[in-house]
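K.L.:
this one's structure only:
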């Protein structure tokens with residue numbers, strides 16, 4: 001069964017396969033712009049270079065930390081359980097699984113925020 005989620009994942013994977021480094025950079029910058037308090041971007045610099053290149057991005061959502069990096073030319077994706085700033089465990093996922101889980105969790109957060117916003121609006125109106 002292929003729904004819109006599968007189509008999005010497939011397009012995302014094709015895009016990253018074509019040019020992982022520049023797509024990681026674009027993805028990291030877009031995430032950092034939309035959720036600056038939740039996203040950490042790690043850069044790496046060569047010995048004589050002025051500007052670094054984006055090597056990894058991590059997104060902290062509740063007790064989960066989603067990590068994406070280029071490791072020896074290969075896209076590496078991880079999901080960590082973090083409690084009070086301490087990483088309890090980390091597992092490596094396929095990029096497809098990683099993207100699906102991130103999409104699902106951000107969607108849940110959006111629904112929760114929307115519900116909270118509606119509740120606040122109703123409270124303020126009464």
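P.N.:
Arrived safely. Bear in mind the structure is a predicted one, so any value in this text is a computation, not a measurement.
K.L.:
If the nearest residue to residue 35 once chain neighbours are set aside is in a bridge, with which residues?
P.N.:
Once flanking residues are discounted, residue 35 sits nearest to residue 59: 7.2 Å by C-beta to C-beta, 6 or more residues apart in numbering. C-beta here means a position set from N, CA and C on the backbone, and glycine is covered the same way. Assessed by DSSP bridges, residue 59 has beta-bridge partners residue 39, residue 66.
K.L.:
Model confidence for residue 59, exactly?
P.N.:
We have a pLDDT of 93 for residue 59.
K.L.:
Just give the number of residues close to it.
P.N.:
By other C-beta atoms under 10 Å, 19 other residues sit near residue 59.
K.L.:
hang on, residue 32 packs against residue 41?
P.N.:
Yes - the criterion here is C-beta atoms under 8 Å, and residue 32 meets it with residue 41 at 5.5 Å.
K.L.:
where do the contact lists of these two overlap?
P.N.:
residue 57 (C-beta atoms under 8 Å, 6 or more residues apart in numbering).
K.L.:
Which secondary structure elements does the helix ranked longest in the chain sit against?
P.N.:
Longest among the helix segments of the chain by residue count, using DSSP state H, is helix 95-125. Judged by 3 or more C-beta pairs under 8 Å, 6 or more residues apart in numbering; DSSP states H and E, helix 95-125 is in contact with helix 4-18, strand 53-61, strand 64-71, strand 74-83.
K.L.:
Apply 10 Å and report the result again.
P.N.:
For helix 95-125, the contact count by 3 or more C-beta pairs under 10 Å, 6 or more residues apart in numbering; DSSP states H and E identifies helix 4-18, helix 20-34, strand 53-61, strand 64-71, strand 74-83, strand 86-93 as packing neighbours.
K.L.:
Just send those back as TSV, with distance to residue 110 too.
P.N.:
Below are the helices and strands packed on helix 95-125 laid out as TSV (distance: least, C-beta to C-beta, whole Å):
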stretch	distance to residue 110
helix 4-18	15
helix 20-34	11
strand 53-61	11
strand 64-71	16
strand 74-83	19
strand 86-93	22
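K.L.:
All good on my end, thank you.
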